[in-house]
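Asks: how does the following fold in three dimensions:
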Amino acid sequence: MVNQRSSIGFGVLLIVFGALFLAANLLEIRWRDLWPALFFAGAAINFAIFLGNRSNYGVLMPATILLTYGVLFQYCALAGWWHMSELWPAFILGPGLGLLMMYRFGKRESGLLIPAFILIGLSAVFFVAFGPLRSYSRYWPVVLIIIGVLLLLKRQK
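Replies: This is a model prediction of the structure:
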């Protein structure tokens, strides 16, 4: 059974690589614009492993990280690598989203939420402070005010 699954995974991997190289040859796509698709392929394989065995929710961490980084790298490969100076907080966001996915689809272990929200929160702060949202950075205290109001309203209920 294990050999059959590994041969299926290897077969899918060969098909994906073959399709990528064929597309690059026939459509005259430059490899330097296409290589982030390998991250998508890795994410798809990990998601397929999870869908095949839902108790194996640990593969959601690498799947989510590969998907996040694949989106980041694909955008930079097509739009310009200078965007990386603003989008680097995505490197912190990937593991945070991975932990959140493990919580959501796993055993709902509350220990996963604390690091997930710390990483996602840090990423959001860095996106606002140094990233493409930095023009709005003077308004970040509004978020604190909104959270405080929500906490007060929740307490009154």
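Asks: what sits against the residue nearest the centre of the chain?
Replies: In the chain, the residue lying closest to the centroid (Cα atoms, centre = their mean) is Thr68, at 2.6 Å. By Cβ atoms under 8 Å, 6 or more residues apart in numbering, the residues touching Thr68 are 90, 93-94, 97. Using the backbone N, CA and C atoms, a C-beta is placed for each residue, glycine as well.
Asks: what's the closest of the residues you listed to Leu34?
Replies: Using Cβ to Cβ, Ala90 is the member of those that sits closest to Leu34, with 19.7 Å.
Asks: mind putting the contacts of Thr68 into JSON lines with distance to Gly18, secondary structure and neighbour count?
Replies: As requested, the contacts of Thr68 are arranged in JSON lines below (distance: Cβ to Cβ, whole Å; DSSP: H, G, I helix; E, B strand; the rest coil; neighbours: other Cβ atoms under 10 Å):
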{"residue": "Ala90", "distance to Gly18": "29", "secondary structure": "helix", "neighbour count": "21"}
{"residue": "Leu93", "distance to Gly18": "32", "secondary structure": "helix", "neighbour count": "23"}
{"residue": "Gly94", "distance to Gly18": "28", "secondary structure": "helix", "neighbour count": "23"}
{"residue": "Leu97", "distance to Gly18": "30", "secondary structure": "helix", "neighbour count": "21"}
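Asks: so for the longest helix seen in the chain, what gets flagged as buried?
Replies: Ranked by number of residues, the top helix in the chain under DSSP state H is helix 2-26. Going by neighbour count (16 or more other Cβ atoms under 10 Å), the buried part of helix 2-26 is 16, 20, 24.
Asks: in CSV, list the residues you listed along with distance to Ala129.
Replies: Formatted as CSV, those follow (distance: Cβ to Cβ, whole Å):
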residue, distance to Ala129
Val16, 38
Leu20, 37
Ala24, 38
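Asks: list just the nearest of these to Ile118.
Replies: Nearest to Ile118 among these, with distances taken as Cβ to Cβ, is Val16, at 34.1 Å.
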